[in-house]
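A.B. asks: got a sequence here, can you build the structure:
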Amino acid sequence: MRRAILVAVGSLLATAAGVWVVSCAPRGSRGTGSGPPAVTYPPDGAVFPPDIAAPTVRWKDNAPPGEGWQVALAFPDGGGPMRFHADAPRWRPAECDWERIKQRSVDADVRLTVRRAGVAASQGSAGATVAFRTSRDEVGAPIFYREVNLPFIDAVKDPSRIRWRFGAVSLTRRPPVVLEKLPVCGNCHSFSRDGRTLAMDVDYANSKGSYIITRVARRMVLATSDLITWNDFRRSDGEQTFGLLSQLSPDGRTVLSTVKDKSVFVPQPDLAFSQLFFPVKGILAYYRRDTRAFRSLPGADDPAYVQSNPTWSPDGRHILFARAPAYDLRHTRGRGKVLLTRAECKEFTEDGKAFQFDLYRVPFNDGGGGTPEPLTGASHNGRSNYFPKFSPDGKWIVFCKARNYMLLQPDAELFVIPAGGGEARRLACNTRRMNSWHSFSPNGRWLVFSSKANTAYTQLFLTHFDEDGRTTPPVLLEHFTGPDGAANIPEFVPAAPGAIERIAETFLNDYSFVRAGNQFFFQGDADNAIRNYERAVGMNPANVEAHRRLGFLLYHVKARRDDGLAHIVAALRTEPRDGPSNYELGMILLHRKQFDQAAERLAFAVRAMPRGLDQQYNPADMRYNLGRALLGAKKTEQAANALAAAVQASARHAPARYYLAMALATLGRAEPAAGHYAAAVQLNPKGDRLPGLHDRLAMHYARTGAFDRAVAHAERAVAIARAAGDETLARQFAGRLSAYRQGRLPAPGGAN
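C.D. replies: Residues are numbered from 1 along each chain as shown. Below you'll find the model as predicted:
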């Protein structure tokens, strides 16, 4: 009863000009302020939807703690102002007060002023004022979004910490988590126009190309029966597919995706921008749910370009996509890997090479495609253009523009053009740092987007979008983010706020743990990789990949030789013709100097290995190790052929050059041998892991009478051996050096 009386009195006093409002909320806790007051939120000119929860007004004040602050709101309706007291430099109206504020500011500015308590209103310099208003347009739909822990590499290593939330902007608390503890990584998601179908990337069964399409319900289940894999598109060509930035059609019948792709995937040290990720190769393909058929989309399937980031027009008749000339990095040329590491991406991570996308449009034409056309205003403008989104009425396109690349770009800003192309206008809602991942509300009047304006942890913002394509200063969805998660991929869903309560998954199996193990494996975290592979083997003792990875780690990293060999044998017992497992057994036999058997296994692996299996295997290394085994088995001619194939696969492979030179020298082919020795020295001047490199080249020069050059390389050989702490080898090299200085060849065995 007492609270009801206070509310009634508050409403009565609100009508009396110049008197205090008795708020229905308790007073805040005492804090310290800062300067003359400067309001930092909301921004001047902000527009709030009528269905949003009350915001927190914030300001700065450099003054010492005093009596607090007065917050006054003046309305254009002729009624009296509302005044409140704050003990700290922030104030959030109670919901009942916020309702009155919104009612009195519909399509008309309310002026909010903050001044120190006890300071007269006539002292204008002591107060700070911003104006805002309430729109008649509701948001009218909840938002589905992903929450990721940072840095991003931690989320990759342990995807179970990624969460998905779903809720309306009217919530006064964080939207509920509807999906969490997924043992595999989940990425981009999209909904059909009616909100009844959800599609999402999931890395099931150790396939980055896995994708799930399922019906929306209060209690949803992600089941294996709803999974497809983009790797089924032209599987016979042996190329793996990531399935990047897929999009469900408005009618929910078709999905578009980037396939046959290769992407830069590099962890970065900056917490806010802890990943560099963009495609450099790929075409667009689609999957029809009714026929279960995969097809490329003509007009967006040219291998000379990378074609990615597709989006549908509201009527499903046209496709927008980002396009750039395909690029094969010099450190990965000819390899089929899907994700490129930092060492392979030096053009971008160290040299700052530009890579810019243009937006193109192509008719879908029931899958028949057509001629791609650049989108005027979003192409060939000296910037990178990506993430296009149609407004629901099909009238406008909002897209991102940055200096380079795609995804997580600090300078990314939102621009708008007419749907048919035209002059691009920068939207007023842009913040000072990263504006991306935008989505239109079903009524087309609100745009949600992600930004890092305030914190390294991405937050969601909302802006009003009018019929002329103009936006307003952004308002923060402050309840949608917390201090421990970056919010991204927000999407409005045309459904009731309670349409999704919980999403469960039923595909936790051995492949899930293999996938998690692989993430740790390629980040060099052997202990966590072993733990996940052991769980996979525990669930399925016939899991070939888990046994193989365990065998490699236990034998080569943990020096548990017998255990490692046992796992490789278990993998081959299940699948005797598995190329990678034969390769691993060959490497163990090579380590044990069982050269004939090693060569047999490695030769089989070279023939049987699928192209682009993963980043642990590449053609140059495999042929190099086969050549080493053949040399050990005294099969010199075969060794030379294998090592020449390794050099052909990678001309910068210094060890392959070195061993090829040895093989050619043994075969009496001195000149080509010298050429490969010299190339190996140029590629590896310090002789890392090749302590005899300079010694071998010195021997060649001595045999041709070039003793001055022999002396120079012999001196390098001695220095390298001593730096490595190998005095025995250093003495051998020093004996030969002495002979060269005397202008003669050393005695056989180098005992001089």
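A.B. asks: name the residues of stretch 467-476 that are buried.
C.D. replies: 469, 471-476 (16 or more other CB atoms under 10 Å). Where you see a C-beta, it was placed from the backbone N, CA and C, and this is true even at glycine.
A.B. asks: for stretch 726-746, same thing?
C.D. replies: Neighbour-count burial for stretch 726-746, counted by 16+ other CB under 10 Å, picks out 729-730, 732-737, 739-740, 745-746.
A.B. asks: and the contacts of the host helix or strand of Leu462?
C.D. replies: Element membership for Leu462, per DSSP states H and E: strand 459-464. The contact list for strand 459-464 (CB atoms under 8 Å, 6 or more residues apart in numbering) reads 47, 49, 52, 135, 137, 139, 143, 145, 169, 427-429, 431, 445-453, 471-478, 480-481, 487, 490.
A.B. asks: if any of the residues you listed are buried, put those into a PyMOL selection.
C.D. replies: Buried residues among these (16+ other CB under 10 Å), as a PyMOL selection:
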select buried, resi 47+49+52+135+137+139+143+145+169+427+429+431+445+446+447+448+449+450+451+452+471+472+473+474+475+476+477+478+480+481+487+490
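A.B. asks: what about the most centrally placed residue in the chain, which SS state?
C.D. replies: In the chain, the residue lying closest to the centroid (CA atoms, centre = their mean) is Phe277, at 4.9 Å. Following DSSP: H, G, I helix; E, B strand; the rest coil, the label given to Phe277 is strand.
A.B. asks: buried stuff in the longest helix anywhere in the chain?
C.D. replies: Looking across the chain with DSSP state H, the single longest helix is helix 707-723. Buried residues in helix 707-723, counted by 16+ other CB under 10 Å: 707, 709-718, 720-721.
A.B. asks: report the contact partners of Arg133.
C.D. replies: So Arg133 contacts 46-48, 105-110 (CB under 8 Å, 6+ apart).
A.B. asks: ok, 6 Å please
C.D. replies: 47, 105, 108-109 (CB atoms under 6 Å, 6 or more residues apart in numbering).
A.B. asks: re earlier: what's the first helix or strand after the longest helix of the chain?
C.D. replies: Using DSSP H and E, the helix or strand that directly follows helix 707-723 along the chain is helix 727-741.
A.B. asks: ok, residues contacting that next one?
C.D. replies: For helix 727-741, using CB under 6 Å, 6+ apart, the contacting residues are 695, 702, 707, 710-711, 714, 717-718, 721-722, 746, 750, 752.
A.B. asks: pull the most distant pair out of those residues.
C.D. replies: The largest separation in these, counting by CB to CB, is between Phe707 and Arg722 at 22.1 Å.
A.B. asks: domain ranges for the chain, per the record?
C.D. replies: Per the record, the chain has its domains at 2-134, 143-505, 509-572, by automatic domain parsing.
A.B. asks: turn those domains into CSV, columns for distance to Asp621 and mean pLDDT.
C.D. replies: What follows is the domains of the chain, written out as CSV (distance: least, CB to CB, whole Å; pLDDT from 0 to 100):
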stretch, distance to Asp621, mean pLDDT
domain 2-134, 55, 76
domain 143-505, 11, 89
domain 509-572, 13, 89
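A.B. asks: got TSV for these, with distance to Ala651 too?
C.D. replies: Shown next, in TSV, are the domains of the chain (distance: least, CB to CB, whole Å):
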stretch	distance to Ala651
domain 2-134	56
domain 143-505	10
domain 509-572	25
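A.B. asks: for these, which one sits closest to Tyr624?
C.D. replies: Using CB to CB, those put domain 143-505 closest to Tyr624, at 14.5 Å.
A.B. asks: what helix or strand does Val569 sit in?
C.D. replies: According to DSSP H and E, Val569 maps onto helix 561-574.
A.B. asks: hmm, who's touching the helix or strand encompassing Leu359?
C.D. replies: Under the criterion of DSSP H and E, Leu359 resides in strand 358-363. For strand 358-363, contacts defined as CB under 6 Å, 6+ apart pick out 299-300, 318-321, 323, 369-370, 372-375, 378-380, 385, 388.
A.B. asks: ok, of those residues, which come out buried?
C.D. replies: Looks like those have 299-300, 318-321, 323, 369-370, 372, 375, 378-379, 385, 388 buried, using 16+ other CB under 10 Å.
A.B. asks: any idea how far Gln648 is from Gly209?
C.D. replies: As judged by CB to CB, to the nearest Å, Gly209 and Gln648 stand 30 Å apart.
A.B. asks: give me the more crowded residue out of these two.
C.D. replies: A count of neighbours by other CB atoms under 10 Å puts Gly209 above the other of Gly209 and Gln648, at 24 against 14.
A.B. asks: OK, contacts around that one?
C.D. replies: With contacts taken as CB under 6 Å, 6+ apart, Gly209 has the following neighbours: 229-231, 241, 243.
A.B. asks: reformat these as JSON lines; add distance to Ala559.
C.D. replies: Putting these into JSON lines (distance: CB to CB, whole Å) gives the following:
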{"residue": "Thr229", "distance to Ala559": "37"}
{"residue": "Trp230", "distance to Ala559": "39"}
{"residue": "Asn231", "distance to Ala559": "35"}
{"residue": "Thr241", "distance to Ala559": "37"}
{"residue": "Gly243", "distance to Ala559": "38"}
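A.B. asks: from these, pick the one nearest Phe294.
C.D. replies: Checking these against Phe294 with CB to CB, the nearest one is Trp230 at 7.6 Å.
A.B. asks: what about the helices in the stretch 501-650 of the chain?
C.D. replies: For the stretch 501-650 of the chain, the helices defined by DSSP state H, counting those that start in this stretch occupy 510-522, 526-539, 544-552, 561-574, 579-591, 595-608, 619-632, 636-649.
A.B. asks: most tightly packed of those helices?
C.D. replies: Among the helices of the stretch 501-650 of the chain, ranked by average contacts under mean count of other CB atoms under 10 Å, first place goes to helix 544-552 (a mean of 25).
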